[in-house]
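Undergrad: With the input below, show me the fold.
(one chain, ligands or ions: 2)
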Amino acid sequence: MTSATTAGHSETICEDLTRLVLDNLREIPDFPEPGVLFRDITPLLANGPAFVSLVDGLADHYRGRIDAVAGLESRGFILAAPLAVRLGIGMLTVRKSGKLPGPVIGVDYDLEYGSARMELRPETVQPGSRVLVIDDVLATGGTAAASISLIEQAGARVEAICMLLELRDLGGRARLEGREVDSVVIF
Ligand SMILES: O=P(O)(O)OC[C@H]1O[C@H](OP(=O)(O)OP(=O)(O)O)[C@H](O)[C@@H]1O
Ligand SMILES: Nc1ncnc2[nH]cnc12
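TA: Ligands and ions are numbered 1, 2, ... in the order given. Modelled structure (predicted):
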């Protein structure tokens, strides 16, 4: 379904997981606006056995290393919830502006298309806990960087960042320099 020959993955991620994601992706040019090549994960989510294998593979990768999974609204929630349940740990919801009841902390940031603000309820964060940040796409890195800042402001430690897809040309990895960034597929 996609240009698998040009895609790679983080060294930490096993090739089977990369193949699984690549085989279940769709690419849509000029969505949601001209010039953006949108990488659609809905075929992956709709494929039950593939979705289960993905969650199991990620759970094996992080088991014993993390105390909570932070999902970034909204597509990150789809990955964070089953992973947290599979590992028997809690999920943190890092949400877009105005969705969470207070008290919240927030950070403004820029996107590949548009701008946004992420918020977190610090009361949901266990001080000193090891948190995995997970989302579907790493593009400019603004969403991930803002979310990491919130989790750390709340007193936890971001152990690693897991991204289903990394769009290398948009430079997100540079914004997360010094951190473990595990991308299942790198375009
Ligand atoms: O690395 P960045 O440039 O910050 O971009 C990546 C973010 O953009 C997308 O979210 P979007 O805002 O489209 O929201 P959605 O998940 O609700 O569709 C994607 O799911 C990431 O969260
Ligand atoms: N090109 C892209 N495809 C899918 N989701 C995205 N989020 C930001 N950029 C994206």
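
Undergrad: got any ranges where this protein has weak pLDDT?
TA: By pLDDT under 70, the low-scoring segments of the chain are 1-5, 112-113.

Undergrad: which one's the longest helix in it?
TA: Longest helix of the chain, by residue count under DSSP state H: helix 48-62.

Undergrad: Could you list the residues in contact with that one?
TA: 12-14, 16-17, 20-21, 23-24, 44-45, 79, 82-83, 86-87, 132, 134, 160, 162, 182, 184 (Cβ atoms under 8 Å, 6 or more residues apart in numbering). C-beta: built from backbone N, CA, C; applies to glycine.

Undergrad: Find the centremost residue of this structure, please.
TA: Centrality entry for the chain: nearest residue to the mean C-alpha point is Asp135, 1.4 Å, by Cα atoms, centre = their mean.

Undergrad: SS state for that one?
TA: On the three-state scheme (DSSP: H, G, I helix; E, B strand; the rest coil), Asp135 is labelled strand.

Undergrad: What separation do you get for it and Gly102?
TA: Taking Cβ to Cβ, to the nearest Å as the measure, Asp135 falls 24 Å from Gly102.

Undergrad: just Gly172 next, same as before
TA: Computed as Cβ to Cβ, the Gly172 to Gly102 distance reads 29 Å.

Undergrad: circling back: next step: the contacts of helix 48-62 restricted to helices.
TA: Checking the contacts of helix 48-62 against DSSP H, those in helices are Asp16, Leu17, Leu20, Val21, Leu44, Leu45, Leu79, Pro82, Leu83, Arg86, Leu87.

Undergrad: ok, of the residues you listed, which come out buried?
TA: When the ones in helices among the contacts of helix 48-62 are checked for burial by 16 or more other Cβ atoms under 10 Å, the buried set is Leu17, Leu20, Val21, Leu44, Leu45, Leu79, Pro82, Leu83, Arg86, Leu87.

Undergrad: ok, the fifth one to ligand 2 distance?
TA: Taking Cβ to the nearest ligand atom, to the nearest Å as the measure, Leu45 falls 13 Å from ligand 2.

Undergrad: Was I right to think that residue contacts Ile78?
TA: Yes. Under the criterion of Cβ atoms under 8 Å, Leu45 makes contact with Ile78 at 6.4 Å.

Undergrad: Next, give phi and psi for Ser74.
TA: For Ser74, the backbone dihedrals are phi -110, psi -30 (criterion: degrees, to the nearest 10).

Undergrad: Kindly report the same for the one 3 residues further on.
TA: In terms of degrees, to the nearest 10, the main-chain angles of Phe77 are phi -60, psi -40.

Undergrad: backbone phi and psi for the nearest residue to it once chain neighbours are set aside, please?
TA: Excluding the flanking residues, the one nearest Phe77 by Cβ to Cβ, 6 or more residues apart in numbering is Gly71, at 4.3 Å. Backbone geometry at Gly71, expressed as degrees, to the nearest 10, gives phi -90, psi 140.

Undergrad: number of nearby residues for Gly71?
TA: By other Cβ atoms under 10 Å, 25 other residues sit near Gly71.
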